[in-house]
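[1] Need coordinates for the below:
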Amino acid sequence: MTSTSTMPDDSVVATAKPPLLTFCIMAFNQEQFVETAMRAVFAQTYKNLEIIVSDDGSSDGTMRRMEAVAATYEGPHRLVVRRSPTNRGVLHHLLDIAELASGSLLIVSAADDVSLPRRTEVMATAWSRQPYAAAFADYAVIDDIGTIIDDHYRFDDSGFSPQDYIPETKGINIHGASSVYDIEQLKALGRPRDDEMVLFEDTWLGLAFASMGARIAHVPDVLVQYRRHSGALTNFESAAGTDREAIERADREWQRRSAAFGTTLDSFRRWHGRQAEGEFPLSNRIDRDIAYFDRVGRWSDLSTSSRLMTFRFASRRWMKSAVGIRVLPMIARTRLQQLRQTSKAR
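    This next block holds a predicted model:
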């Protein structure tokens, strides 16, 4: 892992005209939060910035809100507001923005998160001292109304690692909410197929960069307020409560996110097959994980025996636990019914 604490005073950002960088906000059905995200980008202390605010085909009023906020902007930076003609998914949306960007780096923000004023400066400093293909920072966690839940959170990448599939790499996972990319290296990766809806872009890009031997950096400064709320796709801790409704809601989210993660892994595997010659380094491992997430994504439609078979594809302890807490009560209920029937027969 590469971690570098940065201070911008002796770096490229202190020069007369620092390099042009692009800051993008990626929005999808986030009308409630997008203005706060935009105001945070307008307040960046970096002096040479291009701002792209992009809506990925929202069905709510996100685009109208973006345009209204943009109309009030009187700052020094070039501001572009755009909309995808159709919903592209996070990765395609990001790559579409990269094609439009004029800067050397692409600083990424979701429309429900808040970037702190020094974010661009700090990440530009890290890049000027030791260039990277991708980087991410630490963050604070906030709730729907902006209350701080955790003032310094380090992205937990213990569940997955690029080394799981690419053993020779020194790459690390990327946290999308605080991510920054070298635009030329990002565009050089190419794209997944147009029909692949990749929602976990940070996982896909982290694996792709790791497979290419590119440098991924971690900057341990808190530079983003990451909003944890029920509408966020990648929020795995949003379902609270122990009542039946909350449990059912958590199960639906577990299935939805698992399906999206399986699609992400499958898309990366296909991309890697087009880029590299020979077999994927650990094809059995990634195929097994893809099968696991596919089954979990279809959990509601699986028979009892198929749910039990999912254990065979669970390659990690947390995968087994996620299945176990759902399967074991079902087994217990079935056994209890059998005992009752036996008792009645007597």
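
[2] I'd like the distance from Leu265 to Asp138, if you could.
    Per Cβ to Cβ, to the nearest Å, Leu265 is found 26 Å from Asp138. C-betas here are computed from N, CA, C, even on glycine.

[3] So for the two, which residue has more residues nearby?
    The residue with more neighbours, out of Leu265 and Asp138, is Leu265; 23 against 19, by other Cβ atoms under 10 Å.

[4] What strand or helix carries the more buried one?
    Element membership of Leu265 [criterion: DSSP states H and E] is helix 244-275.

[5] So which elements touch that helix?
    The contact analysis (3 or more Cβ pairs under 8 Å, 6 or more residues apart in numbering; DSSP states H and E) places helix 244-275 against helix 201-211, helix 283-297.

[6] Tell me the predicted confidence for Asp156.
    Predicted confidence (pLDDT) for Asp156: 80.

[7] How is it assigned, secondary-structure-wise?
    coil (DSSP: H, G, I helix; E, B strand; the rest coil).

[8] and it, how many neighbours does it have?
    By other Cβ under 10 Å, the residues close to Asp156 number 8.

[9] Repeat that for Ala101.
    Around Ala101 there are 22 residues (other Cβ under 10 Å).

[10] From Gly103, how far out is the residue nearest to it when sequence neighbours are not counted?
    Using Cβ to Cβ, 6 or more residues apart in numbering and skipping residues adjacent in sequence, the residue nearest Ala101 is Thr22, 3.9 Å away. Here the criterion is Cβ to Cβ. By it, Thr22 lies 3 Å from Gly103.

[11] same deal with Glu248?
    45 Å.

[12] between these two, which one's more packed in?
    Gly103 (21 against 11).

[13] contacting residues for that one?
    Residues in contact with Gly103 (Cβ atoms under 8 Å, 6 or more residues apart in numbering) are 19-22, 49-50, 183.

[14] now for these, which pair is the farthest apart?
    Leu49 and Ile183 (13.7 Å; Cβ to Cβ).

[15] mind putting the contacts of Gly103 in JSON lines, pLDDT, distance to Ile325 and neighbour count included?
    Listed next are the contacts of Gly103 as JSON lines, based on pLDDT from 0 to 100; distance: Cβ to Cβ, whole Å; neighbours: other Cβ atoms under 10 Å:
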{"residue": "Pro19", "pLDDT": "97", "distance to Ile325": "50", "neighbour count": "15"}
{"residue": "Leu20", "pLDDT": "98", "distance to Ile325": "50", "neighbour count": "16"}
{"residue": "Leu21", "pLDDT": "98", "distance to Ile325": "45", "neighbour count": "26"}
{"residue": "Thr22", "pLDDT": "98", "distance to Ile325": "44", "neighbour count": "25"}
{"residue": "Leu49", "pLDDT": "98", "distance to Ile325": "47", "neighbour count": "23"}
{"residue": "Glu50", "pLDDT": "98", "distance to Ile325": "47", "neighbour count": "18"}
{"residue": "Ile183", "pLDDT": "98", "distance to Ile325": "43", "neighbour count": "19"}
